[in-house]
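Colleague: sequence-free structure coming up:
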């Protein structure tokens, strides 16, 4: 569409992934279409967000920090939510967690609004017409227009429903948050009660002084069959520790998957791990510490939070970020976190960690998988309250630029001694890429240390196929599809591939490796002839010509660092959460034609070796991990680690 007026009096905001209507004499703002092919009079909000990424990110993080500093009756919001001396529930809320990846998708709309406001500054128009299905976002723009003296009109679009919900799910969603909270807690307890007490005696009597807090997930299938513990998160580090005679304790957060489908089965696995560990590995799950006392504490704190959440709601709703009112986007989430199911789960985890660390004999070292989920704040507080030693957070995968969980306003890192943001003593980062993002985000540099990337040790020495010559004759194109954790993102990825395949100009074989928690069924995508497998990714990468990943999955980095050409989905509906954002040689696609072109082009583009080396630290001998384990003096169990290769 062409528009002869670069600054029209009317602004049309098109909030849809469909093609916009043809308009004249107005500026067309594409709210969720990412394109560089803009006609005169068109504005792409996703494009503006990428162009202004750093300033928008700073503004949003500042708003979150200042929410906590708002005062009500001469006390900060953070202090009103203190549930134990020195610890505020504020740090467990989704407002602070900022999980735009899955839990808080409305954060993307907050960034769209910030980009919209920046674009509107200095421009003059008399009216804004919004075409959208989003009631909350419409309210935010209406408030901005009222404050700016601009006439506002909203035309509601029909909302697409991703999946029909069951009657029970629809009924549950309509219940008051208090009833949802209690019912979700009851459901969890019924499901996890078989784990109660599993490994507890061993845990209380352990003589080991190093503790790892990890997920009971991503276990190595072959080892599981043999009753021994191996984890994809920690690679061969547990084996090295055990061979050296170092006793370790393992606290697992159980996550259901195909390998360990039930809590009862998980309880049996824990017992088997403790037997095979022959005293050198002690295993429990967080749910091992369930008790009537814990349940009563959760209900008590839940009642307090429910009252405080409603009282503080008015104070929080008065906040603004750069003259924008974001609160309509987050109001329901706040109630869910303080009065609903999220409150129950956060409080349950908080109390379970306290029980676990109180029962554990004094520890000198602790390591936990760091994703900055809300419950991790409770983990950190409980560890330190119990008097244990040095605690290190371990971001086990990539640190993505737009994954806001890893970033805070720099003011949040200051230590005041009053309900501060709970932080580990150290953060073990797996390479230059993660180190760069942490330090640019203002994280205290003295608390950042580099270690080997345990999850990616198999890449060391990996040899991918040589790139095709552009003049080589066409042959079968072997495409490896890398699925991800979220069902919605995986469906979008597969639908895009299904539409792109007829546009390819050569024969294709499709191999699909789903995420363990998100199955991909051939029957769901009749337009794709594919082989679904759970074979090791190292084997699959060696056999493919090009890898195709979703917009979010960190598995894309496996391919990139292995030297395999990679094409990733560019989803205009969210921030660019790809871990490969900004990496040279990576192709992105948001339409079927763009994907078809990218798959053909990618196989002729070699990866840059310097980029691979700069992403992670590779060394199977683990000298940095060994040095990290020696940080505590006079620790007998790790004396044998002193001879670093």
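Modeller: Looks like it arrived, so ask away. Predicted model only: the values in this text are computed from it and were never measured.
Colleague: my guess is residue 505 contacts residue 597, does it?
Modeller: No. Assessed by Cβ atoms under 8 Å, residue 505 is found out of contact with residue 597, at 10.0 Å. Heads up, the C-betas are built off the backbone N, CA and C, glycines and all.
Colleague: Looking at the two now, which is surrounded by more residues?
Modeller: Counted by other Cβ atoms under 10 Å, residue 505 and residue 597 do not tie: residue 597 has more neighbours, with 17 against 8.
Colleague: give me every residue that touches the closest residue to that one other than its chain neighbours.
Modeller: With Cβ to Cβ, 6 or more residues apart in numbering as the criterion, residue 597 has its nearest non-adjacent residue at 7.6 Å, and that residue is residue 589. The contact partners of residue 589, taken as Cβ atoms under 8 Å, 6 or more residues apart in numbering, are 496, 500, 567-570, 595, 597-598.
Colleague: Reformat those as JSON lines; add secondary structure and distance to residue 191.
Modeller: What follows is these, written out as JSON lines (DSSP: H, G, I helix; E, B strand; the rest coil; distance: Cβ to Cβ, whole Å):
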{"residue": "496", "secondary structure": "helix", "distance to residue 191": "35"}
{"residue": "500", "secondary structure": "helix", "distance to residue 191": "40"}
{"residue": "567", "secondary structure": "strand", "distance to residue 191": "39"}
{"residue": "568", "secondary structure": "strand", "distance to residue 191": "35"}
{"residue": "569", "secondary structure": "strand", "distance to residue 191": "33"}
{"residue": "570", "secondary structure": "coil", "distance to residue 191": "38"}
{"residue": "595", "secondary structure": "helix", "distance to residue 191": "40"}
{"residue": "597", "secondary structure": "helix", "distance to residue 191": "47"}
{"residue": "598", "secondary structure": "helix", "distance to residue 191": "43"}
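Colleague: By neighbours, which of these wins?
Modeller: residue 568 (30 neighbours).
Colleague: Look up how far residue 499 lies from the residue nearest to residue 597.
Modeller: 11 Å (Cβ to Cβ, to the nearest Å).
Colleague: ok, back up a step: closest one of the contacts of residue 589 to residue 125?
Modeller: Nearest to residue 125 out of these is residue 570 (Cβ to Cβ; 29.4 Å).
Colleague: For that closest one, give me its contacts.
Modeller: 34, 551, 576, 578, 588-590.
Colleague: mind listing the helices for the stretch 201-350 of the chain?
Modeller: In the stretch 201-350 of the chain, the helices defined using DSSP state H, counting those that start in this stretch lie at 221-225, 237-243, 263-276, 292-317, 327-339, 341-359.
Colleague: C-terminal to the last one, what's the next element?
Modeller: Put plainly, it is helix 341-359. The element immediately downstream of helix 341-359 (helix or strand, assigned by DSSP states H and E) is strand 365-369.
Colleague: Can you tell me what sits against the helix or strand that that next one is followed by?
Modeller: Later in the chain than strand 365-369, the nearest helix or strand by DSSP H and E is helix 374-385. Outside helix 374-385, the residues that touch it by Cβ under 8 Å, 6+ apart are 84, 86-87, 91-94, 96-97, 213, 345-346, 349-350, 353-354, 356-357, 366, 368, 370, 391, 393, 421-424.
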